[in-house]
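[1] what follows is a predicted protein model with its sequence.
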Amino acid sequence: MVKKIEIAVFSGDGIGPEITDPTVKILQNLSDRASSYALTFTDAPAGAAHYQKTGESLPAASLEAARRADAILLSAMGLPNVRYPDGTEISPQIELRKLLTLFAGLRPVTVRADQKTPLNIPEGKEIDFVLVRESTEGLFHTQGCGEVTDNEARETLLITRDISEKLFRFTFDLAHQRKKSGRGPGRVTCVDKANVFRAFAFFREMFNAEAAKHPSLTADHAYVDATALWMVQKPWDFDVLVTENMFGDILSDLGAGLMGGLGLAPSADIGLEHAVFQPCHGSAPDIAGQGIANPFAMILSAAMMLDWLGLQNNNSEMRADGERLREAVENVVASGRVLTQDLGGTAGTQEAAAAVEAQLHREES
Ligand code: ATP
């Protein structure tokens with residue numbers, strides 16, 4: 001039986017359409033060769049350019065396509081010069097996180113032994129950890145409606161039992177999966193500031209309650225400031241980290257830096273019913289339209305999507321294709337032959353994506 005899978009595609013703003021196009025082609029080719037699944041793609045217009053044209057940033061039809069789809073593939077949205085009347089930027093990707101309750105933001109950080117990184121990695125070590133960023137509350141809770149007077153500004157941090165319990169359950173499940181597939185020792189670290197804020201002591205208490213249900217995994221804690229230090233000094237020691245929204249926002253960019261830049265950092269925002277896969281970078285308007293954007297983070301996000309869909313649908317072929325796609329990108333990057341300008345090379349978007357496609361076929365033969 002062939003499993004039909006519908007993907008809602010938000011190609012977005014700036015470099016968005018340039019990196020979406022080759023990524024969807026790669027996915028279509030994998031799907032054409034697959035015997036147990038078939039992908040279909042639905043275009044979902046949204047974002048700053050769409051708002052400029054129509055006055056709508058996230059049309060009801062696009063939201064409906066997202067809700068209906070099995071997964072959502074999103075490039076980047078927002079343009080600095082297109083804003084709502086109150087001056088805030090157009091960011092339907094953040095609205096989607098709240099509307100679809102995508103509480104678990106996955107930010108994998110991987111650096112293979114032969115890959116370029118600003119760190120000196122000791123012989124025999126590789127970086128391979130996942131940061132799970134809570135993505136619907138925390139310090140983003142009052143986003144857009146904080147109180148500002150002449151003399152004071154206030155924003156509220158919100159940690160709820162409901163979301164935290166879901167987040168920790170998801171995180172420990174992820175650590176089990178990684179351990180099973182040989183990608184981690186089964187260690188979960190709660191990153192907080194429980195020594196200063198009661199909200200984080202509450203967060204930690206719920207983490208400990210979930211940890212107690214998983215005796216085969218190691219659970220520990222780290223303060224966020226120390227975590228930033230260790231991400232530079234010994235990132236190879238981490239396996240799965242889980243943290244609040246704003247801490248996760250900051251640490252995930254540090255993680256992208258370890259990998260050699262935003263152009264290599266994929267992400268997923270996952271809830272109980274929906275999931276969005278998108279690169280960590282923005283719409284990069286400074287290089288849009290030039291054909292030089294790095295498509296690797298977008299392709300790696302598509303690989304995460306296949307892996308997640310494979311798990312959801314109990315389809316090992318989709319999971320294997322996700323794994324092969326990730327490895328193909330990693331091999332292209334590690335070989336250093338076809339790199340985009342942000343990684344120190346000269347290749348354009350199409351050439352870089354074609355190198356991944358060629359690598360996939362090389363592995364097949
Ligand atoms: P946002 O706030 O929407 O995340 P941002 O302000 O952090 O966006 P980006 O759009 O991510 O900014 O761009 C930051 C810098 O990184 C820019 O100079 C941009 O050109 C570069 N950049 C981002 N993505 C890519 C990419 N895929 N390929 C090459 N350069 C990129």
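    All right, it came through fine.
[2] list the buried ones in the helix or strand encompassing residue 323?
    Counting by DSSP states H and E, the element that carries residue 323 is helix 316-335. The neighbour-count check on helix 316-335 (16 or more other C-beta atoms under 10 Å) flags 317-319, 321-322, 324-333 as buried. No exception for glycine: its C-beta is placed from N, CA and C like everyone else's.
[3] would you map the strands across the stretch 1-150 of the chain?
    Along the stretch 1-150 of the chain, counting by DSSP state E, counting those that start in this stretch, strands occupy 3-10, 37-43, 71-74, 104-111, 127-134, 147-148.
[4] what does the stretch 1-150 of the chain put close to the ligand?
    Within the stretch 1-150 of the chain, the positions adjacent to the ligand are 15, 78 by C-beta under 6 Å from any ligand atom.
[5] pull out the buried residues from stretch 184-204.
    Of the residues in stretch 184-204, 184, 186-194, 199-200, 202-204 count as buried by neighbour count, 16+ other C-beta under 10 Å.
[6] between those, which is closest to residue 127?
    Distances from residue 127 to the buried residues of stretch 184-204, taken as C-beta to C-beta, are shortest for residue 184 (11.7 Å).
[7] thought the closest one was touching residue 176?
    No - if you go by C-beta atoms under 8 Å, residue 184 and residue 176 don't touch, sitting 9.7 Å apart.
[8] count the residues that sit near the nearest residue to residue 39 once chain neighbours are set aside.
    Closest residue to residue 39 apart from its sequence neighbours, by C-beta to C-beta, 6 or more residues apart in numbering: residue 31 at 4.0 Å. Neighbour count of residue 31, defined by other C-beta atoms under 10 Å: 19.
[9] show me the contacts for residue 139.
    Applying C-beta atoms under 8 Å, 6 or more residues apart in numbering to residue 139 gives the contacts 155, 157, 244, 245, 246.
[10] let's see it at 10 Å
    Residue 139 makes contact with 146, 155, 156, 157, 158, 159, 199, 244, 245, 246, 247, 249 under the criterion C-beta atoms under 10 Å, 6 or more residues apart in numbering.
[11] max pairwise distance over those residues: which two?
    The two members of the contacts of residue 139 with the most space between them (C-beta to C-beta) are 146 and 247, at 18.0 Å.
[12] out of those two, which sits in the busier spot?
    Using other C-beta under 10 Å, the more surrounded residue of residue 146 and residue 247 is residue 247, with 24 against 12.
[13] elements contacting the host helix or strand of that one?
    Using DSSP H and E, residue 247 sits within helix 245-258. Applying 3 or more C-beta pairs under 10 Å, 6 or more residues apart in numbering; DSSP states H and E, we find helix 245-258 packed against strand 104-111, strand 127-134, strand 187-192, helix 224-233, strand 240-243, strand 266-270.
[14] quick one: contacts for the residue nearest to residue 39?
    So residue 31 contacts 2, 5, 7, 37, 38, 39, 40, 41, 306, 318, 321 (C-beta under 10 Å, 6+ apart).
[15] among these, who's most crowded?
    In terms of neighbours by other C-beta under 10 Å, the contacts of residue 31 top out with residue 306 at 29 neighbours.
[16] figure out how far the helix holding residue 323 is from the centre of its chain.
    Here helix 316-335 is found 16 Å from its chain centre; the criterion is C-alpha atoms, centre = their mean, to the nearest Å.
[17] what's the angle from that helix to strand 104-111?
    Angle of helix 316-335 versus strand 104-111, following axes from the mean of the first three to the mean of the last three C-alpha atoms, to 10 degrees, is 40 degrees.
[18] right, and the helix or strand after helix 316-335?
    In N-to-C order, the element after helix 316-335 by DSSP H and E is helix 349-364.
[19] now the residue of the chain found nearest the ligand, nearest residue through space, not along the chain?
    Per C-beta to the nearest ligand atom, residue 282 is where the chain lies closest to the ligand, at 2.2 Å. Nearest residue to residue 282 in three dimensions, chain neighbours excluded: residue 76, at 5.1 Å (C-beta to C-beta, 6+ apart).
[20] what separates the one you found from residue 144, distance-wise?
    19 Å (C-beta to C-beta, to the nearest Å).
[21] who's more crowded, the two?
    For residue 76 and residue 144, the more surrounded residue by other C-beta under 10 Å is residue 76, and the numbers stand at 29 against 10.
[22] contacts only, for that one.
    Here residue 76 is in contact with 10-16, 19-20, 47, 91, 93, 278-285, 288, 293, 297-298 (C-beta under 10 Å, 6+ apart).
[23] mark which of those residues are buried, thanks.
    Buried, going by 16+ other C-beta under 10 Å: 10-16, 19-20, 47, 91, 93, 278-285, 288, 293, 297-298, out of the contacts of residue 76.
[24] what does the stretch 201-350 of the chain put close to the ligand?
    Residues of the stretch 201-350 of the chain lying near the ligand (C-beta under 6 Å from any ligand atom): 262, 263, 281, 282, 283, 284, 286, 287, 293, 294, 297, 342.
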